[in-house]
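**Q** Starting from these lines, generate the structure:
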Amino acid sequence: MTTAEETFITEVITNPDEPVVLFALEWCEFCWSVRKLFQKLGIRYRSIDLDSVEYQREQRGQKIRAALTARTAVQTIPQIFIGGEFVGGCTDLFDAWKKGTAQTLLRQSGVSFAQDVEVDPYTFLPGWLHPR
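**A** Modelled structure (predicted):
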């Protein structure tokens, strides 16, 4: 039997009107790193902030997160989907960007982005990861 959370995830990640989906936490620095990359490249996305007020009622955010973990076998946040395909977390997306596979997924999903912008996504990670 499919839970309401599983149905929600499937509906969200397969919505052709919003092919880029970020399951995130409002306070998560890695989530913000992904948001910064998307902003820099002009990528429209849907963010589902599991710790936001909207998802606190009846522990909905926790239930969605558990359903995500069951689906992807990944416990960490963020979890990113492009065109219904699970990309992974922050560094998985950044690696995919550097390899060009994220751009391919975006194109296949009809997502526009600034293709002429050259960026090292790892520069968007929190400063504490970059000792000076």
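
**Q** buried ones in the one helix or strand Lys98 maps to?
**A** Taking DSSP states H and E as the criterion, Lys98 maps to helix 90-99. Buried residues in helix 90-99, counted by 16 or more other C-beta atoms under 10 Å: 90, 92-94, 96-97. Just so you know, the C-beta spots here come from the backbone N, C-alpha and C atoms, and that holds for glycine as well.

**Q** And the next helix or strand after it, how far out from the chain middle?
**A** For helix 90-99, the following helix or strand on the C-terminal side (DSSP H and E) is helix 101-108. On the basis of C-alpha atoms, centre = their mean, to the nearest Å, helix 101-108 sits 14 Å off its chain's mean C-alpha point.

**Q** what's the angle between helix 101-108 and helix 90-99?
**A** In terms of direction (axes from the mean of the first three to the mean of the last three C-alpha atoms, to 10 degrees), helix 101-108 departs from helix 90-99 by 80 degrees.

**Q** didn't Pro121 look like it was pressed against Lys99?
**A** No: the pair Pro121 and Lys99 fails to qualify as a contact (C-beta atoms under 8 Å) at a distance of 11.2 Å.

**Q** What segments of the chain are strands?
**A** Residue ranges of the strands in the chain, as given by DSSP state E, are 20-24, 46-49, 79-82, 85-88.

**Q** Highest mean neighbour count out of those strands?
**A** Mean neighbour count (mean count of other C-beta atoms under 10 Å) peaks for strand 79-82 among these, with a mean of 25.

**Q** which secondary structure elements does that one contact?
**A** Under the contact criterion of 3 or more C-beta pairs under 8 Å, 6 or more residues apart in numbering; DSSP states H and E, strand 79-82 touches strand 20-24, strand 85-88, helix 90-99, helix 101-108.
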